[in-house]
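Visitor: no sequence for this one, just the structure:
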């Protein structure tokens, strides 16, 4: 069964946005984490797992659109750069982490939007 690129892109946008929201809300939710037993969400392995899943789905969607429809490489570069920035979010220091997380997540989300737009345009050109 073939999964449509559009569905994968929308899932990728959702997963990347959820990941960014998690990182932005973590400082607010962390003080109450012991009360609700949610301290697992602050673990580095948990964040990296979410990112890996998000990037795997994202590359699958974007490469599907690339090979089937548009042959544009900038969505691939955007998701790769966003993933690298997000993975190394603490490279500029802890105080800059929210900024680097936001930049990385936005690049990943942009890659999905670009892929959707390019795929739609290529499908219209085929018709």
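Guide: Structure's in. What do you need? Here the structure is a predicted model, which means the values were calculated and not measured.

Visitor: CA only for contacts and neighbour counts going forward, please
Guide: Noted.

Visitor: next structured bit after the helix or strand that contains residue 80?
Guide: Following DSSP states H and E, the helix or strand that holds residue 80 is helix 74-87. Using DSSP H and E, the helix or strand that follows helix 74-87 in sequence is helix 97-126.

Visitor: list the buried ones in that following helix?
Guide: 97-116, 118-120, 122 (16 or more other C-alpha atoms under 10 Å).

Visitor: do stretch 47-54 as well
Guide: 47, 50, 51, 54.

Visitor: any idea of the mean pLDDT for that stretch?
Guide: The average pLDDT for stretch 47-54 rounds to 87.

Visitor: begin at 28, not 1, for the rest of this chat.
Guide: Got it, first residue is 28 now, which makes that one stretch 74-81.

Visitor: my read is that residue 114 contacts residue 75, right?
Guide: Yes: using C-alpha atoms under 8 Å, residue 114 makes contact with residue 75 at a distance of 7.3 Å.

Visitor: just to revisit the earlier point, adding distance to residue 118, write the buried residues of stretch 74-81 out as a markdown table.
Guide: As requested, the buried residues of stretch 74-81 are exported to a markdown table (distance: C-alpha to C-alpha, whole Å):
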| residue | distance to residue 118 |
| --- | --- |
| 74 | 16 |
| 77 | 19 |
| 78 | 17 |
| 81 | 21 |
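
Visitor: for these, which one is nearest residue 33?
Guide: residue 81 (15.1 Å; C-alpha to C-alpha).
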